[in-house]
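**Q** fold the following.
(chains A and B)
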Amino acid sequence: MAKRIEVSGLNVYYGDFKAVEDVSMTIEPRSVTAFIGPSGCGKSTYLRTLNRMHEVIPGARVEGKVVLDDQDLYAPGIDPVAVRRVVGMVFQRPNPFPTMSIFDNVASGLRLNGVKDRKKLAEVVEASLKGANLWNEVKDRLDKPGAGLSGGQQQRLCIARAIAVEPEVILMDEPCSALDPISTLAIEDLIEKLKDRFTVVIVTHNMQQAARVSDQTAFFNLAATGKPGRLIEMGPTKQIFSNPNEKATEDYITGRFG
Amino acid sequence: MTTTLAANRPAYDGKALDLTGKSGARAFRNTLATVLIVLCFLIALVPLLWILWTVVSKGYHLLLDANWWSQSQRGITVRRVGGGAYHAIMGTLIMSLLCALIAVPIAVMGAVYLVEYGKGTKAAKVVSFMIDILTGVPSIVAALFVYAVWITVLGFNRVGFAVSLALVLLMLPVVLRSTEEMLKLVPDELREAAYALGVPKWKTILKIVVPTAFGGIITGVMLGLARVMGETAPLLILVGYSKNINTNPFDGFMGALPTMINQDRTELALQPAADRVWAAALTLILLVLLLNILARTIARFSTIKSK
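**A** Here you go, the predicted structure:
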């Protein structure tokens, strides 16, 4: 489990609008990679190209290569559904399925992909909820609706749901932006734990968070409004935050942005 | 910054802030608007309550008779008391449920196409436009269309099934539009959550999107059913009224509540006929109500309780 992602020459479009330009990077397995940068610089858009979620939006398309385990995700004949089974995602706002109980939410990925064995489902649900640091809080009410949990618990439920299908990579799109500091801390602890098993990529607006949880940091920026976003630099988090190569990175990190 | 803001505030002149609010004129306008809105609401209620009161008070006593629910009007002339509405209840139920059986799958799948697959395409726009036109088609036009196809071209007889076909044309746009609105209400985040688990699109729609919108879809189906159960034109044109019990929609004339009302309507001066008219009207209302409650119960049990 956990695979390396190599991106080269990636351009991302919404229709005719080029949102992200010429990104190349290597994302290491069993590590946490953080994407930081100002709003609208295309980091979420770019993140969504890593599991082909970008193309869900009408008119959206991608040029370039995303290679996972020697396979180009954008090669002809690659099924986006199969890609997403390997590269899971956690979203900005917690989005448990409202018609399902806590148990069913976690089991949904397996169930919808045809697993019916109840014993196996129960095992996976327990393991995933434990893996998401949520088991102790919900073990007595697994049959209650997932939407009845608090925001932070819902987000951990979504993480449990994502890891239940045993992906190689987990993408997180600002997973803490809708959460209070305590829930945020719970998620950060969880991310630390997840990297033992998965390759984790996280988009965040919170610089301290990037500094706390990530091993590698990539800084994205816009050349100007209306221009596509670009990868400015990427490196070990320590180096990016203490001694970045680019002036723009330093300005952003120290708050002299704009 | 704050000082300039405070200085610019018109009421600010160093005195304590007045937060009690309402000036006389604004309080008056507020009361006026409230009164107007409540008045409009009451006016809208008047015809509803009036109809309900009239129908219930004039029709209820026949409904208390067990015969009403178990017998037909066979051999009962307008001057005679007796008989029941069983033949008409069965007719209405058979024809409208047969209609729902055809219309609901088409409408729901059509709405799924419009929302999930066709968004923005030319085909979807054409379908959407056609549905708008269909919404405006009067029931008699739908009935005549089916008459032309079913009887004139295909050469079949006037039967209950022909009525069902005409009702499909009336029910389809109602259910499709409401289903479409309900599907649009399902947040995209849920679809994306399912995609991110590696669930194919069709399964996402079937297991996530439609179940999430299920309660609303059921409500739309009920609205559609309520509409077609009261339609009279297709019944008059496509199936003759029969006072006998006939449960076969593919053979022979069939009774139905609207045509039963129509049958006795001409003899309202005669008490037995008038009683039957009101009782049949009340039965129709109760039938719609009953189906409504039934569907809501189904909808409630099919979704997980939120507490």
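
**Q** by proximity to chain A, which residue of the stretch 1-150 of chain B wins?
**A** Of all residues in the stretch 1-150 of chain B, B:G120 sits closest to chain A, at 6.0 Å by Cβ to the nearest Cβ. For glycine as for every other residue, the C-beta is placed from the backbone atoms N, C-alpha and C.

**Q** what helix or strand does that residue sit in?
**A** Following DSSP states H and E, there is no helix or strand that holds B:G120.

**Q** how much space between it and B:R300?
**A** Separation of B:G120 from B:R300 (Cβ to Cβ, to the nearest Å) stands at 35 Å.

**Q** among these two, which residue is more densely surrounded?
**A** Of the pair B:G120 and B:R300, B:R300 is the one with more neighbours under other Cβ atoms under 10 Å in any protein chain shown, namely 11 against 8.

**Q** count of neighbours near residue 103?
**A** Went with chain A since none was named. For A:F103, the count of nearby residues is 19 (other Cβ under 10 Å).

**Q** think we crossed wires, I meant chain B
**A** For B:A103, using other Cβ under 10 Å, the count is 27.

**Q** look at the one residue in the stretch 151-300 of chain B that gets nearest to chain A and give its secondary structure.
**A** Residue nearest to chain A within the stretch 151-300 of chain B (Cβ to the nearest Cβ): B:G198, separated by 3.0 Å. Following DSSP: H, G, I helix; E, B strand; the rest coil, we place B:G198 in the coil state.

**Q** and for the one 10 residues further on?
**A** Here B:I208 takes the helix state, with states given by three-state DSSP.

**Q** does it touch B:A194 like I think?
**A** Yes: with contact defined as Cβ atoms under 8 Å, B:I208 counts as touching B:A194 (4.9 Å).

**Q** find residues that contact each of those two.
**A** Residues touching both B:I208 and B:A194 (Cβ atoms under 8 Å, 6 or more residues apart in numbering or on different chains): A:F97.

**Q** output stretch B:274-293 as CSV, restricted to C-alpha atoms.
**A** Output in CSV follows, covering the C-alpha atoms of stretch B:274-293 (Å, rounded to 0.1, in the frame of the first residue of the first chain):
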residue,chain,number,x,y,z
ALA,B,274,-77.9,14.0,-5.0
ASP,B,275,-76.8,12.0,-2.0
ARG,B,276,-74.8,9.7,-4.2
VAL,B,277,-73.1,12.7,-6.0
TRP,B,278,-71.9,14.1,-2.7
ALA,B,279,-70.9,10.8,-1.3
ALA,B,280,-68.9,9.9,-4.4
ALA,B,281,-67.1,13.3,-4.2
LEU,B,282,-66.2,12.7,-0.6
THR,B,283,-65.0,9.2,-1.4
LEU,B,284,-62.7,10.6,-4.0
ILE,B,285,-61.3,13.1,-1.6
LEU,B,286,-60.8,10.5,1.1
LEU,B,287,-59.1,8.2,-1.5
VAL,B,288,-56.6,10.8,-2.4
LEU,B,289,-56.0,11.6,1.3
LEU,B,290,-55.5,7.9,2.1
LEU,B,291,-53.0,7.4,-0.7
ASN,B,292,-51.2,10.5,0.5
ILE,B,293,-50.9,9.2,4.1
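
**Q** can you point out the buried residues in that stretch?
**A** By neighbour count on 16 or more other Cβ atoms under 10 Å in any protein chain shown, the buried set for stretch B:274-293 is B:274-285, B:287-288, B:291-292.

**Q** which positions in the stretch 51-200 of chain B make contact with chain A?
**A** Contacts of the stretch 51-200 of chain B with chain A, taken as Cβ under 8 Å from any Cβ of the partner chain, map to B:119-120, B:187, B:189-200.

**Q** can you rerun that using 7 Å?
**A** Counting by Cβ under 7 Å from any Cβ of the partner chain, the stretch 51-200 of chain B comes close to chain A at B:119-120, B:189-190, B:192-200.

**Q** could the residues you listed go into TSV alongside pLDDT and distance to A:V87?
**A** As requested, those are exported to TSV (pLDDT from 0 to 100; distance: Cβ to Cβ, whole Å):
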residue	pLDDT	distance to A:V87
B:K119	83	25
B:G120	81	27
B:E189	90	18
B:L190	92	19
B:E192	92	13
B:A193	93	14
B:A194	93	15
B:Y195	93	11
B:A196	92	8
B:L197	92	11
B:G198	90	9
B:V199	92	14
B:P200	92	16
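
**Q** how about the secondary structure of whatever residue of the stretch 1-150 of chain A ends up closest to chain B?
**A** Closest approach of the stretch 1-150 of chain A to chain B (Cβ to the nearest Cβ) occurs at A:R85, with a separation of 3.0 Å. Per three-state DSSP, the secondary structure class of A:R85 is helix.

**Q** find the nearest non-adjacent residue to it, please.
**A** In space, and not counting its chain neighbours, A:R85 is closest to B:G198: 3.0 Å by Cβ to Cβ, 6 or more residues apart in numbering or on different chains.
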